[in-house]
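J.: fold the stuff below for me.
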Amino acid sequence: KQKMAELLGLRDECGEGTSGAPALAASCLADNRLNLDVYSDGCCRFLQLFKEQRREVVQVEFLRLSSNDCLLDTALGSVPHLTHLKSLVLKGGHARDEFGSYQHGSLTSLPPDFGNLRCLSHLDLSFNRLSTLPSCILHLPSLRVLLVSHNSLVTLPEDFGCLTKLTFFSAMKNQLKRLPQSIGELSMLHDLDLSENALEFLPEEIGNLHNCRELDLSGNRLLSIPDSLANLKSLRRLHLHSNLLVTVPASLASLPNLSRLDLQNNCLHAIPAEIQSLPFVHVRGNPLGETEPSSPQAGNCKASAAVVMHSCISSGSFTVTSEGCAVVLACGIHFYFPPGAASDPLQICFRSLTPDPQWVKLRHHDVLLSRVLELQPHGVQFQQEVQICMPFISPQTPHRHEVVVRTFSGQSWSDLRTTVKQIRKPKNDVACCRVLHFSWFLVVSRLVQNECKVPKEGTLLFSSVDPNIKVTFPLGVTKEPRSVKLQVLPVSAEEIEEITGNAGCRASPLLFLSQDSTVDFLKPVRIQLPLPSGVTGLNLDRSRLHILHGDLEGQTWKDITSEVVLEFTHLYAVFEVTHFSWYWLWYTTKTYIGGIAKKVYERLRLYQVNFIALQRKKDPEQVLLQCVPKHKVDPVLKKLQDRYRGPEPSDMVEMFEGEQFFAAFERGISIDMDRPDCVDGRLSFIFYSHLKNMKEIYVTSPVDRKGQAVKGQVSFYRGAVPDSIPEDASRRRKGPDSLWLATLPIKLPQLKPRWDENSGPLHGFSFPPLNLGNAETGYLTQANLLSIARRVGADWQSIGLNLGLTYQQIERIGYNNREDLNKQILDMLFSWAQQNSEDPDCVSRLIKAMKDSGRQDIADEVEAIIELGRQKYSESIRRVGLEQESSTEDSAIAMM
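T.: Predicted coordinates for the structure are as follows:
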């Protein structure tokens, strides 16, 4: 052994020995083990050892070589002579390209005489370029563990089942499309990992794996699974997530040892009751409770239409053919393309956008219920209508509002005919519409709208919210037919009294009339409004009754009582107009009623909200900011109390739907000014009552105050950023600081060490260049990862596990850097990044891992970085003239 160590370190024909090499060689040679994959010239060292100390080398039982080594093929010729070999690792991933990405090994086959390794029980050929499984493997009689993950295998040999002693087999991340029937002969198999392949069906024989404890079939294209899986009585964990399953056999519920059944992100519209009752089943991301998309051709296309599952994190695509298909995105959006909708194969690109009030123009009393969905290509005409179903957050006032899907034409937004459906599990509502072309879509709640076509013969229109409200169009009211819309906003006496402070004020429901013509009607239109609450024709004092006419924006209200002829019945007031807008009937002793009406109208559009500023208990430098509607404050705080602490919520303030506000950290606390949502040092928010107005950010102090607490604050401002920072945040400002809304205290304990490339946490670390993702969807660079690492804190282990690192890897990272939390974070994050740099979905996985670890703040930051990179890429393409001429819609969105 000493001689072998000397040879490994000093007598190297491939290069000169270096000082300390014997010790290093001895560290990789322990008893009967040779760990040579840690050397760039490990195969050369192995050949030298085999040449000069053959008697000792052939006794080795454990051998590790890098398949990135240029001498691998030569070394493989000598390996079959190691007849005592029990474990052989020939993995790739030990070399990196010029960008620092791991490279797959060069291994494409094995010499036939590898079958002579009669003692070999463990073989790892992961991260190589195998397109077929070497036939010699089937002649290894003692093989128990076989790993061929991250290769290019399309199929397995038909006689694969001859490996009867196999207990563990992993072929994840290959291109397997089918499995041989003989796989059922692996009677000793305990663990089978076939995840992230292209399997479309499973053989019935897979049910013969009676000793199988864990079966991972996630990330394939399975439409169904065989009933024979119910025969796997030893099965404990069954992973079927991210497939295309439309059904699962109820017999799975009878498996006696099953402790986890993962059915997430499939196309299951229903799950057998026996399975639903299991406490360990996971079903998120399925369209449960929904009916199949209806269509005249639905009955003819069920067999031929492909059902496709795609993940919706920030961007993605799928392909539609002339056969049609149903598509379910993991974010809950559903599509149905009937057969013939697309004449040729068409790639559909989708992404979710944050609504921008400069572009998404809400009407008065509208409530935004979803993010913006962009579908491309814009303007392509389908041959048949495509159904889109978008999930939304149910509005708080369903009796006043109705839910519609709104689309952007490139010039303006318009409402689509919408049907609302309910999904039982997970409990959710979706708004469904049908379109012939794609653009931008969102879900809003608007005042209930009744409409009709007015012919020259006249017609009658009444409100479905309050049938007592009627509009009568007489004969000859118009020359050409025109469309008229009617909306009603009920206003209770309690609301009027609370806003005005006057119990004597009463008002009718607020009526809004609009038409698609700019020309007034030829004859007066007769309007009937109910008298205000408590007022009848018997006790009516006409001097107190006022008809108000408001402009389209509700900014001015004119008393037109003297300009119209009022008629009264016991319950109604009737008058005639030729111009459409807002109309309101008031009953009060006040003389200047227009100002009161404007105040009430504005208050009806406002939401009472509170601001909260909480700090994570594990890491106080992580601050969560949120603007919460008043009625949701207690439930939100209760949900967060286990992980966060902080001051009481701010005093109540009022905000409009879609209003912009800013958060500024003051008095010795600062944030990263390079954040995309940072404007002049302040964080920008948009308030939407039914969407989460929340951000979690990393804060620090620009001044080094070791051992001392930093007592700072965060202030919230309405609209624009004030010119100066207020010194006193405890009282309402005047003048330039009149936009101030609230201030909450932030207290930092002793700050963590600063991250510096020359000292501190980064000292001793050297990272190769990294570019995760791609140019079109945006890169994450080394600098981005360092920025992310600053914010991870004590959650690094949870994040690492959600990224796919094993418990053993996490423990090793923790032990190797046990004196430095920051080095633990860096080691975890960059180890994962380098292993997954070639994975096109690695950024999406990083975002999901952050969300699953409760770090929405980091997930938001990564999405913002990717979105910024995507925009820069698009701009560069346009700048060099490589992009095709933009459509009208593209031009409009570019102005956003």
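J.: use CA for all of it now, contacts and neighbours both
T.: Noted.
J.: which residue is the nearest non-sequential neighbour of residue 476?
T.: Excluding its sequence neighbours, the residue lying closest to residue 476 (CA to CA, 6 or more residues apart in numbering) is residue 456, at 5.0 Å.
J.: how about the residue of the chain most remote from its centre: what's its closest non-neighbour residue?
T.: Within the chain, the residue lying farthest from the chain centre (CA atoms, centre = their mean) is residue 538, at 60.5 Å. Distance criterion CA to CA, 6+ apart; nearest residue to residue 538, sequence neighbours excluded, is residue 570 at 6.7 Å.
J.: enumerate every residue touching that neighbour.
T.: 536-538 (CA atoms under 8 Å, 6 or more residues apart in numbering).
J.: so it versus residue 535, what's the distance?
T.: 9 Å (CA to CA, to the nearest Å).
J.: look up phi and psi at residue 679.
T.: phi -120, psi 110 (degrees, to the nearest 10).
J.: so what's it bridging to?
T.: Legend: beta-bridge partners of residue 679 under DSSP bridges are residue 682.
J.: confidence score at it?
T.: What the model reports as pLDDT for residue 679 is 80.
J.: ok, residue 180 next?
T.: 93.
J.: one more: residue 158?
T.: With respect to pLDDT, residue 158 has a value of 92.
J.: secondary structure class for it?
T.: coil (DSSP: H, G, I helix; E, B strand; the rest coil).
J.: can you check residue 634 too?
T.: helix.
J.: okay, now it: neighbour count?
T.: 11 (other CA atoms under 10 Å).
J.: could you pull up phi and psi at the residue nearest to residue 538?
T.: phi -60, psi -30.
J.: gap between it and residue 614?
T.: Taking CA to CA, one finds residue 570 at 57 Å from residue 614.
J.: likewise residue 402?
T.: Using CA to CA, residue 402 is found at 35 Å from residue 614.
J.: more crowded one of those two?
T.: residue 614 (25 against 18).
J.: got phi/psi on the more buried one?
T.: Torsion angles, degrees, to the nearest 10, at residue 614: phi -120, psi 150.
J.: show me where the stretch 151-300 of the chain dips below the pLDDT cut-off.
T.: 289-300 (pLDDT under 70).
J.: that one: strands as residue ranges?
T.: Taking DSSP state E, counting those that start in this stretch as the test, the strands found in the stretch 151-300 of the chain are 168-170, 191-193, 214-216, 237-239, 260-262, 281-282.
J.: in a markdown table: those, plus distance to residue 43 and mean neighbour count.
T.: Shown next, in a markdown table, are the strands of the stretch 151-300 of the chain (distance: least, CA to CA, whole Å; neighbours: other CA atoms under 10 Å):
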| stretch | distance to residue 43 | mean neighbour count |
| --- | --- | --- |
| strand 168-170 | 26 | 19 |
| strand 191-193 | 30 | 20 |
| strand 214-216 | 34 | 20 |
| strand 237-239 | 38 | 20 |
| strand 260-262 | 43 | 19 |
| strand 281-282 | 47 | 18 |
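J.: any idea which helix or strand in the protein has the lowest mean pLDDT?
T.: For the chain, counting by mean pLDDT, DSSP states H and E, helix 298-301 ranks last in confidence among helices and strands (a mean of 31).
J.: quick one, domains of this structure?
T.: 153-288, 308-447, 450-604, 606-722+736-748, 771-879 (the TED database).
J.: can you put these in CSV and add distance to residue 46?
T.: Listed next are these as CSV, based on distance: least, CA to CA, whole Å:
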stretch, distance to residue 46
domain 153-288, 28
domain 308-447, 46
domain 450-604, 81
domain 606-722+736-748, 49
domain 771-879, 26
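J.: among those, which is nearest residue 138?
T.: Comparing the domains of the chain against residue 138 with CA to CA, the closest turns out to be domain 153-288 (6.3 Å).
J.: mind checking the end-to-end distance for that closest one?
T.: One end of domain 153-288 to the other measures 34 Å (CA to CA).
J.: same question, stretch 177-190
T.: 22 Å.
J.: same question for stretch 234-247.
T.: Taking CA to CA, stretch 234-247 runs 23 Å from one end to the other.
J.: do you know how far the residue nearest to residue 538 is from residue 586?
T.: 16 Å.
J.: and what of residue 824?
T.: As judged by CA to CA, residue 824 and residue 586 stand 68 Å apart.
J.: ok so, going back, let's have the strands of the stretch 151-300 of the chain in CSV, adding distance to residue 336.
T.: CSV is the format used below for the strands of the stretch 151-300 of the chain (distance: least, CA to CA, whole Å):
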stretch, distance to residue 336
strand 168-170, 36
strand 191-193, 32
strand 214-216, 29
strand 237-239, 27
strand 260-262, 25
strand 281-282, 25
